[in-house]
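**Student:** below: sequence and its predicted model.
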Amino acid sequence: MSGRFQTPRGTEDILAGEQPYWRMIEEAIGEITRLFGYERIDTPSFEAAALFEKGTGDTTDIVEKEMYTFEDRGGEILSLTPEATPAICRAYLQHGLSNRPQPVRLFTTARMFRYSRPQLGRLRQFTQFDCEAIGSPAALVDAELIELHWRFYERLGLRNLELRLGSIDDLEPRRDYLDRLRAYYRPLRERLTADSQRRLERNPLRLLDSNDARDQELRAGAPTIIDQLSEEAARHFAGVRDALTAAGVPFTVDPLLVRGLDYYNRTVWEIVPVGDSRAQSSIGAGGRYDGLLETLGGRATPASGFATGHERIILELMRQEITVAGPPAPDVFVVHAGKGASRAAVRAGADLRAAGLATFVGEAGRSLRAQLRRANGSGARIAVIIGEDELARGTAALKDLRAEDGEQEEAPLGEVAARIAGRLRPRAGGRAGAEDAPAAQ
RNA sequence: GUGGGCGUAGCGUAGUGGUUAACGCGUCAGGUUGUGGCCCUGAAGAUCGAGGGUUCAAAUCCCUCCGUCCACCCCA
């Protein structure tokens, strides 16, 4: 309803119905990072604006037109984090993490902020799972990250994904390539789209992944960087491919894969759902960024990492009709009627919860019928009924809501919790299995 | 940032100039004295996204704004 307050453009509330997806993702992150030995780091939601101007690159769209930048009351120029990598690199430098065994393997999940035109899967506030391995130049580290990235989606049950892998060489050799690319396109300039004519000067690599049919036609004859990698980058790339093959991670080499961030070199990858025509379909991407830490004022430190968006993952989970179990129904629903019964109901509720049983207590003043309807709808296994008659006898009626005939037995009020705990968790005893219950599946 | 589609109760929809805006789901109450599911009855709930305009008359036509979706751009 407009006229009332609503979420700001490009933001969303996450209601109970979607929470199971979020929980599943967070659980999968916990598991996959444990398996690969990545440690959690949390950085602030805002940083010095200059961190991203230098790190992300002040010619990128992210910095040029998508940052939430503001001056605080003390005159500091700050930006809400548009991406995690520069922040994590900043933390690495700030805390001297180069003195720990290298590479330092870090992950985070955090809200990111970019002022862009919202679309499905493109929000102004969104959430990323981000992994970085800082301090190693090894191809194996790239492959490890890619494997982690891939297994993460596998663990979520996602199928029909494609891993696109490429290399964009190191900075110096890439200059030569870009010259050749410009030389190829210059005579064709007039036939390019207006956007691509701008790209030609500013960021020629982007000519290669234009979505426009005209551009795509022209690029057929363009030189590809992957066929003329420097010797070192070629060896590195071969190392990544070998390791992925050894790990059993399927990939396709995409000679046209380029990434939008300035700091990438050598290995780049993205993972996309196959058969999803939507533009915002890339659910995760990463690459090596050997120059970034030096750019931020540190010693030259090789590093690699990736990010993947929760919201896009959830969209894809839904598209693939992967359902997630919501929170379990309560064990017990206590219904009550009459003046004194409310107190007894509250007491019974406390006892039941102390015994580890999830318990709802019905609303005072509502008819027994209404409360029992609610009890039935809640999915509870057992209803505890305390009316005036039971109260007078010091008992409660226990009704099995799963049984069609609605069988009931009567129990003294003081024994209600123990009786139900015994019925629902025969082996677990009074603690209802809370101690040694296996982790939720 | 550019171009376009859409916007009716919590959700999903009907209604395209003319009496009190309809239906399904959901919510609440009831179907005799205190007992759920199915079923039945009733009620609440909509300034028809907002503001302005045209008209005797606007949910319906026009303008602006907001939101959303699609394509571009960009990217998670």
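**Tutor:** Received, thanks. Numbers count the residues shown, from 1 in each chain, chains lettered A, B, ... in the order given.
**Student:** I'd say A:Gly379 and A:Pro330 touch.
**Tutor:** Yes: counting by CB atoms under 8 Å, A:Gly379 does reach A:Pro330; the two are 7.1 Å apart. C-beta: built from backbone N, CA, C; applies to glycine.
**Student:** higher neighbour count, these two?
**Tutor:** Neighbour totals were compared for A:Gly379 and A:Pro330, and A:Pro330 leads with 18 against 13 (other CB atoms under 10 Å).
**Student:** skipping adjacent residues, who's closest to that one in space?
**Tutor:** Nearest residue to A:Pro330 in three dimensions, chain neighbours excluded: A:Ala358, at 4.3 Å (CB to CB, 6 or more residues apart in numbering).
**Student:** show the model's pLDDT score for that neighbour.
**Tutor:** Confidence at A:Ala358, expressed as pLDDT, is 95.
**Student:** picking that back up, so what sits against both of A:Gly379 and A:Pro330?
**Tutor:** Shared contacts of A:Gly379 and A:Pro330, defined by CB atoms under 8 Å, 6 or more residues apart in numbering, are absent.
**Student:** distance of the residue nearest to A:Pro330 from RNA strand B?
**Tutor:** According to CB to the nearest atom of the strand, to the nearest Å, A:Ala358 stands 16 Å off from RNA strand B.
**Student:** ok, that residue - contacts?
**Tutor:** Shown in contact with A:Ala358 (CB under 8 Å, 6+ apart): A:328-332.
**Student:** how about A:Asn160?
**Tutor:** A:273-275, A:320.
**Student:** that one and A:His149, how far apart?
**Tutor:** 16 Å (CB to CB, to the nearest Å).
**Student:** repeat for A:Arg191
**Tutor:** 38 Å.
**Student:** can you check A:Leu78 too?
**Tutor:** 30 Å.
**Student:** between these two, which has more neighbouring residues?
**Tutor:** More neighbours surround A:His149 than the other of A:Leu78 and A:His149, with 26 against 20 (other CB under 10 Å).
**Student:** contact partners for the nearest residue to the more buried one once chain neighbours are set aside?
**Tutor:** Spatial nearest neighbour of A:His149, chain neighbours left out: A:Phe306 (5.2 Å); criterion: CB to CB, 6+ apart. Applying CB under 8 Å, 6+ apart to A:Phe306 gives the contacts A:130-131, A:145-146, A:149, A:269, A:284-287.
**Student:** and for A:Tyr21?
**Tutor:** Here A:Tyr21 is in contact with A:314, A:317-318, A:324 (CB under 8 Å, 6+ apart).
**Student:** buried subset of those residues?
**Tutor:** A:314, A:317, A:324 (16 or more other CB atoms under 10 Å).
**Student:** which element is the first one on?
**Tutor:** In the assignment (DSSP states H and E), A:Ile314 maps to helix A:310-319.
**Student:** next, see if that helix gets close to RNA strand B.
**Tutor:** Yes: judged by CB under 7 Å from any atom of the strand, helix A:310-319 and RNA strand B are in contact via A:311-312.
**Student:** tell me the mean pLDDT over that helix?
**Tutor:** On average, helix A:310-319 scores 92.
**Student:** cool, and stretch A:412-424?
**Tutor:** Average pLDDT, stretch A:412-424: 94.
**Student:** may I have it exported as CSV, CA atoms only?
**Tutor:** What follows is stretch A:412-424, C-alpha atoms only, in CSV (Å, rounded to 0.1, in the frame of the first residue of the first chain):
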residue,chain,number,x,y,z
PRO,A,412,-3.0,-34.7,37.1
LEU,A,413,-1.9,-31.2,36.3
GLY,A,414,1.4,-31.7,37.9
GLU,A,415,2.2,-34.7,35.6
VAL,A,416,1.1,-33.3,32.3
ALA,A,417,4.6,-32.4,31.1
ALA,A,418,6.2,-35.7,32.1
ARG,A,419,3.3,-37.7,30.6
ILE,A,420,3.5,-35.9,27.3
ALA,A,421,7.2,-36.0,27.2
GLY,A,422,7.1,-39.7,27.8
ARG,A,423,4.6,-40.1,25.0
LEU,A,424,6.3,-38.0,22.4
